[in-house]
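Everything below, folded, please.
(one chain, ligands or ions: 1)
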Amino acid sequence: MTEPTQPFATSQTSKRFLKAVSGQVTDRPPFWFMRQAGRYLPEYRAVRAKAGSFLDLCFNPELAEEVTLQPIRRFGMDAAILFSDILVVPYALGQNVRFAEGEGPLLSPTADAVLLPRLGLGHFHDRLAPVYETVRRLKVSLPPEVALIGFAGSPWTVATYMVAGRGTSDQAPAKDWAFGDAGGFQRLIDLLVEATAEYLLRQVEAGAEAVQLFDTWAGSLSAAGFERWCIAPTAAIVKKLKSRFPDLPVIGFPRHAGVQYQAYAERTGVDAVSLDPSVPPVWAAAALQERVAVQGNLDPRLVVAGGDAMMVEARSIIEALRGGPFVFNLGHGFVPETPVAHVAALSDLIKELAR
Ligand code: CP3
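Below you'll find the predicted structure:
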């Protein structure tokens, strides 16, 4: 097989989202929303009900394609995000993963010494083949002006689920391993760096035009821990991606990183950072936007509230950030109780912006 030619040329793209994440100021800010596909949409719940389990949905290319397209049809976002989950990576590495109704993810219990020998890249791409197929299908079915975002979890965040066997409020099991046996934990992180880069490269080969790394639990690390378990693995992944696809836009989301957003933007090599709702937009414009594009950061609970509270804050985020490269988004994903009408009003606000 010959080397694929660059599947995208962001310098020439007419897609608003790709322009913004590669550093250009656009006529109006492009927008998409984290968890834009999901339970707040009745048409998602209908597909979800016939798919079987949540992972069955992630691994059914036809249905995963359909739920990816649903929010685009309704609201006309500038980008679609592949429908999948960050926990398909531990599954493909050999860990048991299931989503229990009302309980969130459950992974096979793992004591440090037991986990690593059970994991490997042997069946990795075979298990993820349906995800790559979903990307290929979307490449054909998406409207031409809509960009396709691939994604993965960052090693630290994925490790917090792998080690605890479930979601935790304080990430204590992973921290205890990382702080108590840094060398052993490093081996898990190294495996995740390699797997995540491989996974994202395949998504790009299949048609993803930008990728986002979700580091949901970055903010729970100590300052030194952030350097070693968030910045370093992210930088290693970005390097692998860029050595193959130099122009691929990479977005990082080190949620709740606070002042460390700056170090993250300077040292990981990402093109854009996604801001959680606690980051003041005016600070981000001054501290980050010279270096990277920014994405964010409306509090998803404001979209539950809707009305003036939502509109006023959305406008002030846009005002603060539209002078530089900027993508309007939430600061975290939609929650299931979000009224569809509020999402429509928010989408209309952005679409009506003229420069
Ligand atoms: O629309 C999109 O944003 C794309 C799809 C997507 C999902 N999860 C679908 C999903 C993306 C990008 C993710 C990322 C993800 N998954 C993260 C990082 C971002 C974040 O939200 O912090 C994390 C930590 C996960 C792990 C995960 N997946 C948990 C903890 C849960 C259970 C909690 C919940 O909301 O149910 C999931 C399930 C999940 N992933 C759902 C969806 C639509 C809901 C499951 C269902 O439909 O039954």
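
isn't Ile237 right up against Val193?
Yes - if you go by Cβ atoms under 8 Å, Ile237 and Val193 touch, sitting 5.7 Å apart. C-beta coordinates here come from the backbone N, C-alpha and C atoms, glycine included.

between these two, who's got more neighbours?
A direct count of neighbours by other Cβ atoms under 10 Å for Ile237 and Val193 places Ile237 higher, at 30 against 20.

which SS state does the more buried one fall under?
In three-state terms, and counting by DSSP: H, G, I helix; E, B strand; the rest coil, Ile237 is helix.

measure it to the ligand for me?
Per Cβ to the nearest ligand atom, to the nearest Å, Ile237 is found 15 Å from the ligand.

residue contacts, that residue?
Shown in contact with Ile237 (Cβ atoms under 8 Å, 6 or more residues apart in numbering): 154-155, 193, 196-197, 200, 213.

Contacts made by the helix or strand of the chain with the lowest mean pLDDT with the rest, please.
Ranked by mean pLDDT, DSSP states H and E, the weakest helix or strand in the chain is helix 112-118, scoring a mean of 78. Helix 112-118 has contacts (Cβ under 8 Å, 6+ apart) with 94-95, 110, 162-163, 177, 181, 184-185, 187-188, 191.

Same question for stretch 16-30.
8, 10-11, 13, 15, 32, 78-79, 145-147, 209-210, 247, 249, 251, 271-272, 292-293, 295, 318, 321-328, 350-351, 353-355.

How far off centre is it?
18 Å (Cα atoms, centre = their mean, to the nearest Å).

Between the two ends of it, how far is it?
6 Å (Cα to Cα, to the nearest Å).

what about it, average pLDDT?
Mean pLDDT, stretch 16-30: 97.

Then stretch 135-150?
98.

List, one by one, the residues from the stretch 101-250 of the chain near the ligand.
Neighbours of the ligand within the stretch 101-250 of the chain, by Cβ under 6 Å from any ligand atom: 104-105, 151, 167, 214, 216.

So which of those sit within strands?
The strands, defined by DSSP state E, take in 104-105, 151, 214 from these.

on that earlier part again, between Ile237 and Val193, what contacts are shared?
Taking Cβ under 8 Å, 6+ apart as the criterion, Ile237 and Val193 both touch Pro155.

Next secondary structure after the least confident helix or strand of the chain?
The first helix or strand that comes after helix 112-118 along the chain, using DSSP states H and E, is helix 124-141.

and the stretch 251-355 of the chain, which residues reach the ligand?
Applying Cβ under 6 Å from any ligand atom, we find that the stretch 251-355 of the chain lies next to the ligand at Gly333.

helix or strand for Gln295, which one?
strand 293-298.

which helices and strands does that strand pack with?
helix 16-21, strand 272-274, helix 281-287, helix 307-321, strand 326-330 (3 or more Cβ pairs under 8 Å, 6 or more residues apart in numbering; DSSP states H and E).

Output the residues of the stretch 101-250 of the chain next to the ligand in JSON lines, with distance to Arg137 appended to each entry.
Conversion of those to JSON lines gives the following (distance: Cβ to Cβ, whole Å):
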{"residue": "Gly104", "distance to Arg137": "28"}
{"residue": "Pro105", "distance to Arg137": "25"}
{"residue": "Phe151", "distance to Arg137": "17"}
{"residue": "Gly167", "distance to Arg137": "30"}
{"residue": "Phe214", "distance to Arg137": "23"}
{"residue": "Thr216", "distance to Arg137": "27"}
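
From these, which shows the smallest pLDDT?
Ranking those by pLDDT puts Gly104 at the bottom, with 92.

Would you check that that residue makes contact with Gly167?
Yes - using Cβ under 8 Å, Gly104 is in contact with Gly167, at 5.0 Å.

Name the residue in the two with the higher neighbour count.
Neighbours per residue, other Cβ under 10 Å: of Gly104 and Gly167, the larger number sits with Gly167, 16 against 12.
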